[in-house]
Structure formats: C-alpha cells, structure tokens
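K.L.:
Let's see this in three dimensions:
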Amino acid sequence: MAQKKPFALRIDEKMMKAVEKWAADEFRSTNGQLEWLIHDALKKAGRLPKKNQQNQSDNDSG
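P.N.:
Numbers count the residues shown, from 1 in each chain. Predicted coordinates:
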C-alpha cells in the first residue's frame, strides 16, 4: 500500500460541512471522502500514473 503524506488543508466552512455530510451519507470518514474525491478527479482527468489507475480499476470491480 502507498505511504500517505499528511498536509494541512484550508477549506471554506460551508464546503467542509457539505463534504462531512456527503462522507456520512456514504459511511466514510471525512478524510476518506476527500481522498476518494481527489482520486476520482485525478482518474477522470487522466492524471493518475497508469499503474495506479489499473490497480484502482481492479479494486473497483470487486
């Protein structure tokens, strides 16, 4: 599994509340929801390395 790098994020309070609600609706932590959002955006934009894209596709199908 890839090593995770911590970082600070400054985000508008209303936007954060929306992310927290969305995370709760999908039974994820707020951090997990943000990771999923970023990963999904990178995947859709074709910005993920090919190896990571293939591994995630394999995980999504099962």
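
K.L.:
Any stretches of this structure with poor pLDDT?
P.N.:
Applying pLDDT under 70 to the chain flags residues 1, 52-62.

K.L.:
Kindly recompute the last result at 80.
P.N.:
By pLDDT under 80, the low-scoring segments of the chain are 1-2, 50-62.

K.L.:
for this structure, what's the longest helix?
P.N.:
As assigned by DSSP state H, the longest helix anywhere in the chain is helix 30-44.

K.L.:
which residues are in contact with that helix?
P.N.:
Leu9, Met16, Val19, Glu20, Trp22, Ala23, Glu26, Arg28, Leu48, Gln53, Gln56 (CB atoms under 8 Å, 6 or more residues apart in numbering). Backbone N, C-alpha and C define where each C-beta goes, glycine included.

K.L.:
tally of neighbours for Gln33?
P.N.:
19 (other CB atoms under 10 Å).

K.L.:
Report the buried residues of the longest helix of the chain.
P.N.:
Across helix 30-44, burial judged by 16 or more other CB atoms under 10 Å covers Gln33, Leu34.

K.L.:
any idea how far it is from the chain center?
P.N.:
Put simply, helix 30-44 sits 2 Å off its chain's centre (CA atoms, centre = their mean, to the nearest Å).
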